[in-house]
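> predicted coordinates and the sequence they were generated for:
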Amino acid sequence: MHTYEPFDYAGHRYDIQTVAADLEFVGLRRSVEAARAAGHTLSGVEGMFMGELRDTIVKRPRGIHHNTRAGMSEAVCACGLIVPADVPLDRATGHLDDQRWEPVRTLLISFSDDWWHEGLPCRAYCQGCGWLGVDAPYAEAELARLAHACEVPE
C-alpha cells in the first residue's frame, strides 16, 4: 500500500490513490499473493482497503460517487475529491467524471455499501444549481439525473 500527497486541481483537492484505484488494487493484490506465497498474512487494514478499492472500481463505471474512506475525518469520493469534514458528500462541488477527469455537471451519489445490488440506492445531484434528487434505486436515480435541466449556465 503506497501513500501519496493529495494534489490540487481546479480549486479542489484530490486523492491520487483513489484516482488510481485500479492500479492500487492490482498492486495490493500482488502484495497479498506474495505474502501468502511466503507464508505470511497482511493485516486487516489491507483487506479493508482492498474492499474499498473494489467498491470504487465497480461503482465508478456506472457514474456512482461514494465515500471511499468510511470513518475518516474527511470523505474521499470515488472520483478522488477530498471533501471537507463539514460538507456532506452530496453537497460538495468538484466531483469529476471518471472517463474524462473533468468536472461533471450532474452525478449520482451512493451512501450504500451494497455494490453488488442492482437496486443500489442513489441520489442524483447537480453541482451547478444544487438540485438534489430523492434516494431511489440506481436506474430511477439515473433517469432523474438525465432528466434534470437547470437554468445555471455551465
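Right, received. Where do you want to start?

> where in the chain is pLDDT low?
Counting by pLDDT under 70, the ranges of the chain that qualify are 1-3, 42-44, 71, 113-119, 152-154.

> middle-most residue in it, spatially?
Centroid check for the chain by Cα atoms, centre = their mean gives A78 as the closest residue, at 1.4 Å.

> distance check, that residue against D15.
A78 sits 10 Å away from D15, going by Cβ to Cβ, to the nearest Å. (C-beta placed from N, C-alpha, C; glycine too.)

> give me the common contacts of these two.
Listed contacts common to A78 and D15 are nil; contacts here mean Cβ atoms under 8 Å, 6 or more residues apart in numbering.

> circling back: check contacts around the residue nearest to the centre of the chain.
Contact analysis of A78 by Cβ under 8 Å, 6+ apart lists 18, 21, 55-56, 59-60, 64-66, 68, 98.

> isn't G128 right up against R105?
Yes: counting by Cβ atoms under 8 Å, R105 is a contact partner of G128 at 5.5 Å.

> which of the contacts of A78 fall in helices?
18, 21, 55-56, 59 (DSSP state H).

> what is the burial count for Q17?
Residues near Q17, counting by other Cβ atoms under 10 Å, number 20.
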